[in-house]
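> Pasting the sequence and the predicted coordinates here, then a few questions.
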Amino acid sequence: MQTSLFEPFSLRNIKLSNRIVMAPLTRRRADNPALAADDMVALYYQQRATAGLIISEGSQISPQAYGYTGSPGCYTQAQMEGWKKVTETLHRAGGKIFLQLWHVGPFSHASLQPGNKAPVSASPVTPEGDVLTPDGRVTYESSRAMTKDEIFQTVKEFALAAQNAIKAGFDGVEVHGAHAYIIDQFIMDGTNKRSDEFGGSVENRARFLFMILDEILKQIPSGRVGLRLSPRSVKKGMEDSTPDQTYGYIVNKLKDYNLAYLHISEMMTPEMRMENPNHSIIPYYREIYNGTLISCGGHTLESANRMLENNEADLIAFGKPFISNPDLAERLRNNAELTPWDKETFYHGGSRGYIDYPMLQYTDI
Ligand SMILES: Cc1cc2nc3c(=O)[nH]c(=O)nc-3n(C[C@H](O)[C@H](O)[C@H](O)COP(=O)(O)O)c2cc1C
């Protein structure tokens, strides 16, 4: 039986064949010196072409934006040639894809940074946990506050990366403003302790994000730009004290930007979605935002359809289910069983756990 999840959707002038979005998923398979996507990466995305829209894994916009070894960049010719293979292969298979523009901020290490300098953030912070470096895993060290020159430079780099993406054939770009990476580091009052015009009031903390959007929109049309936010903290020790006000201010201001979409990432499990759907902040953002809204985090066929039927979101993004079910759209349509994912191969393992998950076999009897 057809349900609303399988209806087409016009993302401005981009026609999506259904309302299923593949969420951005870092897989770290571009582990070559150029940090460029290759044929295997192209095949991985091609296998998932039946999603209405694919949002690529985070792609670092500059050498300073790098922190996850093996993640593909979008600032050199070689990297953009790699991405071009991906967009061409995917478009031939009928898919649509946005490139996620990423700067990891403090989630890096001096050994991965240009000039072996400390990674940057709004203010010095030390993330919990460890980071994979060429010398193995080491605990995160303190980042340093971005200088103003670095802020202006980064704004330009986001816009250049957006331009590169369109030239490489992407249907659009998604600005990664979520998950405590650089943009979110500026937004949250728990991580931004600056006393200049980029710190203090919410207007000041959101300035970096809006400068990035303004600069990107000088280069490419607003209908090709999406934004991802995670208004509820997702990283330990990094949060905002009044998230509804802070992200509410941003989302209100976004109305003037007429973006392709706003993508809200929530840390929810399928159990939470089913048993405690009121925990979701989506209805709040639906109320204050008038554009296309994507909901992500813990969705199942049931929770996705319920959200669409209640008109709480326009598109539903699935993350982990897409890792192990390349034909997720077809499986959901047929209410078929899903293959479980293997965490061991999320971030490494070469082709294993990457391009070898099976497609459903349909047999004509
Ligand atoms: C292996 C893995 C890699 C991820 N990489 C990214 C990323 O590059 N950018 C991003 O915004 N979110 C990333 N996420 C978060 C997902 O996009 C998504 O928000 C999360 O998996 C929750 O959705 P799900 O419950 O459907 O998996 C990643 C999640 C996983 C499991």
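On my side now, so go ahead. For clarity, every value in this text was computed on a predicted model and none was experimentally measured. Residues are numbered from 1 along each chain as shown.

> How about the residues of the stretch 201-350 of the chain by the ligand?
Neighbours of the ligand within the stretch 201-350 of the chain, by CB under 6 Å from any ligand atom: 228, 265, 296-299, 318-321, 346. Heads up, the C-betas are built off the backbone N, CA and C, glycines and all.

> The same query, at a cut-off of 8 Å, please.
By CB under 8 Å from any ligand atom, the residues of the stretch 201-350 of the chain that approach the ligand are 228, 230, 265-270, 296-299, 317-323, 346-347.

> Buried among the residues you listed? Need that as a selection in PyMOL.
This is the PyMOL syntax for the buried subset of those, where burial follows 16 or more other CB atoms under 10 Å:
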select buried, resi 228+230+265+266+268+296+297+298+299+317+318+319+321+322+323+346+347
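
> Can you tell me which of the residues of the stretch 201-350 of the chain next to the ligand end up in strands?
228, 265, 296, 317-318 (DSSP state E).

> Report how many residues lie close to residue 359.
A count of neighbours around residue 359, defined by other CB atoms under 10 Å, yields 13.

> so it is in which element?
Assigned by DSSP states H and E, residue 359 belongs to neither a helix nor a strand.

> so what's it closest to, chain neighbours aside?
residue 327 (4.7 Å; CB to CB, 6 or more residues apart in numbering).

> element containing the residue of the stretch 51-200 of the chain found nearest the ligand?
Residue nearest to the ligand within the stretch 51-200 of the chain: residue 58 (3.3 Å; CB to the nearest ligand atom). Per DSSP H and E: residue 58 is located in strand 53-60.

> Next SSE downstream of that strand?
helix 77-92.

> For the following helix or strand past that next one, which strands pair with it and how are they oriented?
Heading C-terminal from helix 77-92, the first helix or strand you meet, by DSSP H and E, is strand 97-102. Strand pairing for strand 97-102, using DSSP bridges, gives strand 53-60 (parallel), strand 172-176 (parallel).

> Need the contact partners of the next helix or strand after strand 97-102.
Using DSSP H and E, the helix or strand that follows strand 97-102 in sequence is strand 120-121. For strand 120-121, the external contacting residues (CB atoms under 8 Å, 6 or more residues apart in numbering) are 64, 105-106, 143-146, 150, 182, 185, 191.

> partners of strand 120-121, with directions?
Partners of strand 120-121 in its sheet, by DSSP bridges: strand 144-145 (parallel).

> Any buried residues in stretch 114-130, and which?
119-123, 125, 127.

> Closest one to residue 247 out of the residues you listed, please.
When those are ranked by distance to residue 247 (CB to CB), residue 122 comes first, at 16.1 Å.

> Do you know the pLDDT at the closest one?
pLDDT, residue 122: 98.

> same check, this time on residue 354
On the pLDDT scale, residue 354 gets 98.

> My understanding was that it contacts residue 45; is that so?
No. Contact criterion CB atoms under 8 Å: residue 354 and residue 45 do not qualify, at 11.0 Å.

> Next, the contact list for the residue of the chain found nearest the ligand, please.
Nearest residue of the chain to the ligand: residue 319, at 2.8 Å (CB to the nearest ligand atom). Residues near residue 319 by CB under 8 Å, 6+ apart: 22-25, 296-297.

> pLDDT-wise, which helix or strand of the protein ranks last?
Taking mean pLDDT, DSSP states H and E as the measure, the chain has helix 270-275 as its least confident helix or strand, at a mean of 93.

> what's in contact with that one?
279-280, 297-300, 302-303.

> how close does the residue of the chain closest to the ligand get to residue 270?
Per CB to CB, to the nearest Å, residue 319 is found 12 Å from residue 270.

> List the buried residues of stretch 11-21.
For stretch 11-21, the neighbour count (16+ other CB under 10 Å) marks 11-12, 14, 16-21 as buried.

> Check stretch 65-80 too.
By neighbour count on 16+ other CB under 10 Å, the buried set for stretch 65-80 is 65-69, 71-75, 79-80.

> any idea how far it is from the chain center?
Remark: stretch 65-80 is offset 15 Å from the chain centroid, using CA atoms, centre = their mean, to the nearest Å.

> Only alpha carbons, please: show it as CSV.
What follows is stretch 65-80, C-alpha atoms only, in CSV (Å, rounded to 0.1, in the frame of the first residue of the first chain):
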residue,chain,number,x,y,z
ALA,A,65,38.2,21.9,8.6
TYR,A,66,39.7,18.3,8.7
GLY,A,67,39.5,16.1,11.7
TYR,A,68,38.2,12.6,10.7
THR,A,69,40.9,10.8,8.7
GLY,A,70,39.6,9.4,5.4
SER,A,71,36.8,11.9,5.1
PRO,A,72,36.7,13.5,1.6
GLY,A,73,37.4,17.2,1.2
CYS,A,74,35.8,19.7,-1.3
TYR,A,75,38.5,22.3,-1.7
THR,A,76,41.0,20.8,-4.3
GLN,A,77,40.7,19.9,-7.9
ALA,A,78,41.3,16.2,-7.3
GLN,A,79,38.6,16.1,-4.6
MET,A,80,36.1,17.8,-6.9
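
> Skip the chain neighbours and tell me the closest residue to residue 223.
Closest residue in space to residue 223, ignoring its immediate chain neighbours: residue 12 at 3.6 Å, by CB to CB, 6+ apart.

> let me fix that: residue 247
Spatially, and ignoring its direct neighbours in sequence, residue 247 is nearest to residue 231 (3.7 Å; CB to CB, 6+ apart).
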